[in-house]
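K.L.:
Using only what follows, build the 3D model:
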Amino acid sequence: MKKLVTVTEVVGEGLESLLGENVMFFCVNYIYAGKLTGVNQLCVILEDAKIVYETGAFTEKGFKDAQKLPGKEWGIERAMIESWGVSK
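P.N.:
Got it, this is the predicted structure:
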């Protein structure tokens, strides 16, 4: 059996390191994109959020089909996020 004996918390890594960046979240059912403006234990907040129905080629500048979501901000539950990264 292997055991983890020491734990070091590193602040500002993972999702926190992308605050202020345009990001894309691949979630359980949908893909979301927007500017990451908030991160906590339960959710993330996107400003100018879009739901992406078709990405198109990732080498292209924009998405093939992305619809703007209502309001200035949109929240996503972290438990639904499968992967993320800097977006187009």
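
K.L.:
how about the strands in the protein?
P.N.:
With strands called from DSSP state E, the chain shows them at 22-27, 31-39, 43-54, 65-68, 73-77, 81-86.

K.L.:
Distance check, Asn29 against Phe63.
P.N.:
17 Å (CB to CB, to the nearest Å). C-beta coordinates here come from the backbone N, C-alpha and C atoms, glycine included.

K.L.:
Looking at strand pairing, list the partners for the spatially closest residue to Leu18 that is not a sequence neighbour.
P.N.:
Distance criterion CB to CB, 6 or more residues apart in numbering; nearest residue to Leu18, sequence neighbours excluded, is Leu36 at 5.1 Å. When bridges are called by DSSP bridges, Leu36 pairs up with Leu46.

K.L.:
neighbours around Met80, how many?
P.N.:
14 (other CB atoms under 10 Å).

K.L.:
circling back: identify the residues contacting the residue nearest to Leu18.
P.N.:
Leu15, Leu18, Leu19, Gly20, Glu21, Asn22, Val23, Val44, Ile45, Leu46 (CB atoms under 8 Å, 6 or more residues apart in numbering).
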